[in-house]
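Engineer: Okay, here's the prediction I keep looking at, along with the sequence it came from:
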Amino acid sequence: MAGILRTRRRLSARRRARVALSLAVMTGAADGSLYTSTESSAAPAYPQDPNNCNDSSIMWRFETNSGWTKNGVDRRPWVRAAINTLDDARDYNGSPLVSVTEHASIGVEVQVKDKPMNQYGSAECVSGASFWVNGNYTSSKFYWHVARHEMMHLMGAEHGGNIDSKNGDNPPTMMTCKDWSTFRSVNTLAQDDAAYLNWLHSGRDYRQLHANYGWEQGTSYWGKTAGALSYKSSGGSLGPGYAAWQAPTGNDYLYQTVAVHTGDDNESYRAITAAKSLSPDYKTAVRPALYRRNIAHQSSNSCEYADGVGNPNDYSVTSGWVLVAQPSSTVVGTGWTGVQSAFSNPANAMGYEMQVRIYGVAVPNSGGATGYIGIDNSRGDGT
């Protein structure tokens, strides 16, 4: 594979069941749903364990094959457009999390093959990096999803469910065991895709659960209970971007939710953010918090998810929101200040929806409306 292979940090069982993406070894479901196993000539116990699939910089090329054009339609522009979206994910400092560069003759070979309609694509990284997509489909969204899915396999990603969270962009790219008709009809990174690339390739310590945590993709993937929220393109804590938020009360918060399928793993989590007052005329207090609610998987597991993970497709929520970790409210000045909780280990469950919340309010020193708070590097971390 062309490019520099990033040194892998420890891959725990939790890593193989990370944010909405759990390990699946699928060899063709009886119902004709998604077939996207990672092939291996060495036939290891886990064909998708990314022993050699964890590259953050990939050069790639199209296989020379007349099969790319059928009925006068060339599929390559759809595949190229899908791969190029991976450059959109940003690390905490604004740098791309991954790099994908097309070349005329070297790099990962992207192939088209005539396959049965229940086989969508497959990636190989053990005996030479390549992936193929099934050329018998005519829909652009099929190629957007499958090409991005297989390239993310080569970046270390594994299979997951069709729900990132109840307020995420669904279905995520790494979904499996679902018919292609359920694929998203837009060629963009889903929230889970960006979160997964952070989990795999961010330069920060630990593993980041959430997408766009450095606010370098504007306010994408973030919600708010109230107040004005805007993106500032310079002056961030570690990179250029940050969020400016005017919370009406100290009970309001910014939030983002992801699904974490734990299986037989047992990890600890924390909440963390950087914050500052945007004016010395306000007393500004901030508190990051991480909440969970338990989820249950389907009992049927025809996709053979590993590491104790059930079938995460169409999971159900089985509890209300429960606090995992939070620090005391911290008063911050006009310089960036890090605020974080201790790590906490929640009660075991099949999985969780993990919601990071950033509480804060800027109270005027002499009366009047609340002011703006600078927010940056906001996330939940996992060990």
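Structural biologist: Here it is on my side, so go on. Numbers count the residues shown, from 1 in each chain.

Engineer: which regions of this protein sit below the pLDDT cut-off?
Structural biologist: 1-52, 127, 166-167, 301, 304-307 (pLDDT under 70).

Engineer: Okay, domains of it per the record?
Structural biologist: According to automatic domain parsing, the chain is divided into the following domains: 15-201, 207-382.

Engineer: Quick one: list the elements packing against the lengthiest helix in the chain.
Structural biologist: Ranked by residue count under DSSP state H, the longest helix found in the chain is helix 140-154. In this structure, helix 140-154 makes packing contacts with strand 57-62, helix 76-84, strand 108-113, strand 121-124, strand 130-134, helix 191-201, judged by 3 or more C-beta pairs under 8 Å, 6 or more residues apart in numbering; DSSP states H and E. C-beta here means a position set from N, CA and C on the backbone, and glycine is covered the same way.

Engineer: Please work out which of these is packed deepest.
Structural biologist: When you average the neighbours per residue for each of those (mean count of other C-beta atoms under 10 Å), helix 191-201 leads with a mean of 26.

Engineer: List the strands paired with the top strand by length along the chain, with their directions.
Structural biologist: When the chain is scanned for its longest strand (criterion: DSSP state E), the result is strand 282-298. Paired neighbours of strand 282-298 in the sheet (DSSP bridges): strand 311-317 (antiparallel), strand 322-325 (antiparallel), strand 330-332 (antiparallel), strand 351-364 (antiparallel).

Engineer: nearest to residue 82, of those?
Structural biologist: Checking those against residue 82 by C-beta to C-beta gives strand 311-317 as the closest, at 22.0 Å.

Engineer: which residues sit against that closest one?
Structural biologist: The contact list for strand 311-317, computed with C-beta atoms under 8 Å, 6 or more residues apart in numbering, reads 20, 22, 160-163, 166, 175, 177-178, 259, 261, 293-303, 305, 350-351, 353.

Engineer: let's go with 7 Å and repeat that
Structural biologist: Residues outside strand 311-317 that contact it (C-beta atoms under 7 Å, 6 or more residues apart in numbering) are 22, 160-163, 177-178, 261, 293, 295-298, 300-301, 303, 305, 351, 353.

Engineer: cool, stretch 77-93 as well?
Structural biologist: If you take C-beta under 7 Å, 6+ apart as the criterion, stretch 77-93 is touched by 60, 96-100, 102, 110, 133, 140, 143-144, 147-148, 151, 187-189, 194, 197, 202-204, 213-214, 216-217, 238-239, 377.

Engineer: Check stretch 327-346 too.
Structural biologist: Stretch 327-346 is contacted by residues 237, 266, 268-277, 280, 283-288, 290, 292, 324-326, 352, 376, 383 when judged by C-beta under 7 Å, 6+ apart.

Engineer: how about the nearest residue to residue 249, chain neighbours excluded?
Structural biologist: Excluding its sequence neighbours, the residue lying closest to residue 249 (C-beta to C-beta, 6 or more residues apart in numbering) is residue 361, at 6.2 Å.

Engineer: residues contacting the one you found?
Structural biologist: Applying C-beta under 7 Å, 6+ apart, we find residue 361 in contact with 247, 249-250, 285, 370.

Engineer: partner residues bridging it?
Structural biologist: residue 285.

Engineer: Isn't residue 56 up against residue 96?
Structural biologist: No. The criterion here is C-beta atoms under 7 Å, and residue 56 misses it with residue 96 at 8.9 Å.

Engineer: Find the nearest non-adjacent residue to residue 145, please.
Structural biologist: Of all residues not flanking residue 145 in the chain, residue 183 sits nearest, at 4.1 Å (C-beta to C-beta, 6+ apart).

Engineer: again with residue 297
Structural biologist: Per C-beta to C-beta, 6+ apart, closest to residue 297 is residue 310, 3.0 Å.

Engineer: So that neighbour versus residue 163, what's the distance?
Structural biologist: Counting by C-beta to C-beta, to the nearest Å, the gap from residue 310 to residue 163 is 13 Å.
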